[in-house]
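Participant: Kindly return the folded structure for what I paste below:
(4 chains)
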2 protein chains.
Amino acid sequence: MEGSTVSGSQDGQIASPRRAPSQQRSRERVERMLAAASALIAEQGSDAMRMGEVAERAGVSIGSLYQFFPDKRAIIWALAERYTAESQACIAAALGEVSDAEGLRRAFSELVDIYYGLFLAEPVMRDIWSGTQADKALRELELADSRANAEFLTAVLKRLRPTADPAALETTAFLIWQMGEATMRLAISVGRKEGDDLVAVYKRMALRELVGE
Amino acid sequence: MEGSTVSGSQDGQIASPRRAPSQQRSRERVERMLAAASALIAEQGSDAMRMGEVAERAGVSIGSLYQFFPDKRAIIWALAERYTAESQACIAAALGEVSDAEGLRRAFSELVDIYYGLFLAEPVMRDIWSGTQADKALRELELADSRANAEFLTAVLKRLRPTADPAALETTAFLIWQMGEATMRLAISVGRKEGDDLVAVYKRMALRELVGE
DNA sequence: TGCAAATGTGAGGATTGCTCATGTTTGAAA
DNA sequence: TTTCAAACATGAGCAATCCTCACATTTGCA
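Facilitator: Numbers count the residues shown, from 1 in each chain, chains lettered A, B, ... in the order given. As a prediction, this is how the structure comes out:
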């Protein structure tokens, strides 16, 4: 994560990467840029975020910004990547030790609550996942992320149902995970009360599929 | 639909409406604009659609375009509105006559197939619903559409389970519908084979919730 | 026929993502 | 310590694009 090559996207493809910051000085500046972008997204949404404003708030020139991020998407992408890395660790921890149906029920239920909480609390994550779905590269990041997350679920299912068709389990886990994210996005875009209800229904449906009646 | 006031959106709100075409001449021109926009979206996606190109292909000036559509979103919105009106009629027809569990099972299953077919076949619908989710006004249109569609499902459920809590049925129907749309969007963005599998799993999960095991 | 309203036009204003020629700083080899 | 190439920093300005507006034309009706 730290010091990884900063790259960007165009037409859903990875664009020509920019120099990764190698000196301490520039690494700090990149952090400031990301922090400024994050703050601006939280305030007005990623669509309204202006590159000039990001540079100004970070106290760098527009040229420096483009030295490390090939385009606007790349900044959003970098922020999104951090969130996904964070949540992935959390998911691995929650599902890694599950070994029976009751454990899965508890772990999954808790995981949904945590995820929902994250969606509710993090304006940046909220904006990126619910708003900037238009960006192909971001959609692909989310898809890849979703597949990775679903794999934890798949692994648990394979453990619990060793006789079932592995491909079918994969499909099921992937769909359940994607539906979860769709439910979250929906839940935060309606009122709080209705959102809670929707998440609860999702949880029930998913658990029925995962551990049976 | 025909002759209704063409209006647009900004920040998710309806913007100052433009004149609705009152003369035959202009009505035909508006049709040409919409057709041009539709073709361009089918070719390159709504993001790459340029207003100047729409005007040129429709054989009108850029000024005329903006005479009837307050902004770019309004054109996409107008196209989306037509699709939703179309599909809503189809849903009403499919679910209107259902009176027992077996009928619901058949009707719902058929409906999912039809919807999936639509998503696969219509590049414009595909682009608008899977790509332009970033636009708040479009999200709201989809939400409103989804609620309207879910109501048909709610009505059926209330008929089949008169003793159940109506609010719970509404939530369930809404979520199932939204999950269906999410599944479609997902299904068309992965390979055909995997997409088919995902839709099949969705169908099974939804039916289990709707008509029981 | 006269005329007001509706319609049509396209050059250009305004915004904004992004480039690039140029200058400065850094770290390490000589 | 000196040197110098690579890394870093700058911001005026380019290019793309959405949209406006002052003005011209057409239409429908009294």
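Participant: quick check, the host helix or strand of A:A167 touching chain B?
Facilitator: For A:A167, the host element (DSSP states H and E) is helix A:166-189. Yes: applying Cβ under 8 Å from any Cβ of the partner chain, one finds helix A:166-189 in contact with chain B at A:171-172, A:174-175, A:178-179, A:182-183, A:186, A:189. (Glycine included, C-beta is placed from N, CA and C.)
Participant: Around DNA strand D, pick out the residues from chain A.
Facilitator: Within reach of DNA strand D by Cβ under 7 Å from any atom of the strand, chain A has these residues: A:19-23, A:25-26, A:29, A:60-64, A:66-67.
Participant: List only buried entries from these.
Facilitator: For the residues of chain A next to DNA strand D, a neighbour count by 16 or more other Cβ atoms under 10 Å in any protein chain shown gives the buried set as A:21, A:26, A:29, A:60, A:64, A:66-67.
Participant: for chain A, what are the low-confidence residue spans?
Facilitator: Residues of chain A meeting the criterion pLDDT under 70: A:1-17, A:130-135, A:213.
Participant: closest point of it to DNA strand D, which residue?
Facilitator: A:G63 (1.9 Å; Cβ to the nearest atom of the strand).
Participant: wait, is that residue part of a helix?
Facilitator: Yes: counting by DSSP: H, G, I helix; E, B strand; the rest coil, A:G63 is part of a helix.
Participant: measure it to B:R106 for me?
Facilitator: 63 Å (Cβ to Cβ, to the nearest Å).
Participant: Could you do A:F69 as well?
Facilitator: Noted for A:F69: a distance of 53 Å to B:R106, by Cβ to Cβ.
Participant: Next up, the contacts around A:T183.
Facilitator: A:198-199, A:202, B:175, B:178-179 (Cβ atoms under 8 Å, 6 or more residues apart in numbering or on different chains).
Participant: neighbour-wise, which of A:F69 and B:R106 wins?
Facilitator: Taking other Cβ atoms under 10 Å in any protein chain shown, A:F69 and B:R106 do not tie; A:F69 has more neighbours (25 against 13).
Participant: residues touching the residue lying closest to that one once chain neighbours are set aside, list them.
Facilitator: Spatial nearest neighbour of A:F69, chain neighbours left out: A:I75 (5.0 Å); criterion: Cβ to Cβ, 6 or more residues apart in numbering or on different chains. Contacts for A:I75 (Cβ under 8 Å, 6+ apart) come out as A:33-34, A:37, A:54, A:69.
Participant: buried ones in the helix or strand hosting A:I75?
Facilitator: Assigned by DSSP H and E, A:I75 belongs to helix A:72-96. Burial within helix A:72-96, assessed by neighbour count using 16+ other Cβ under 10 Å, is assigned to A:72-80, A:83-84, A:87, A:91, A:94-95.
Participant: From A:A80, how far out is the residue in chain A sticking out farthest from the centre?
Facilitator: Checked against the mean C-alpha position of chain A, the extreme residue using Cα atoms, centre = their mean is A:T163, at a distance of 32.0 Å. Going from A:T163 to A:A80 by Cβ to Cβ gives 38 Å.
Participant: Repeat that for A:V98.
Facilitator: Distance from A:V98 to A:A80, counting by Cβ to Cβ: 27 Å.
Participant: still on that earlier bit, which of the residues in the helix holding A:A167 are buried?
Facilitator: Residues of helix A:166-189 classed as buried: A:169-189 (neighbour count, 16+ other Cβ under 10 Å).
Participant: need the contact list for the residue minimising distance to the centre of chain A.
Facilitator: Centroid-nearest residue in chain A, with Cα atoms, centre = their mean: A:T84, separated by 4.0 Å. Applying Cβ under 8 Å, 6+ apart, we find A:T84 in contact with A:141-142, A:145.
Participant: How about A:L175?
Facilitator: Applying Cβ under 8 Å, 6+ apart, we find A:L175 in contact with B:183, B:186, B:198, B:201-202, B:205.
Participant: now check whichever helix or strand comes after the helix holding A:I75, is it near chain B?
Facilitator: The helix or strand immediately downstream of helix A:72-96 is helix A:101-121, counting by DSSP H and E. No: Helix A:101-121 lies apart from chain B when judged by Cβ under 8 Å from any Cβ; the minimum separation is 13.5 Å.
Participant: can you list the residues of chain A near DNA strand C?
Facilitator: Going by Cβ under 7 Å from any atom of the strand, the residues of chain A near DNA strand C are A:23-25, A:49-52, A:62-63, A:66, A:70-73.
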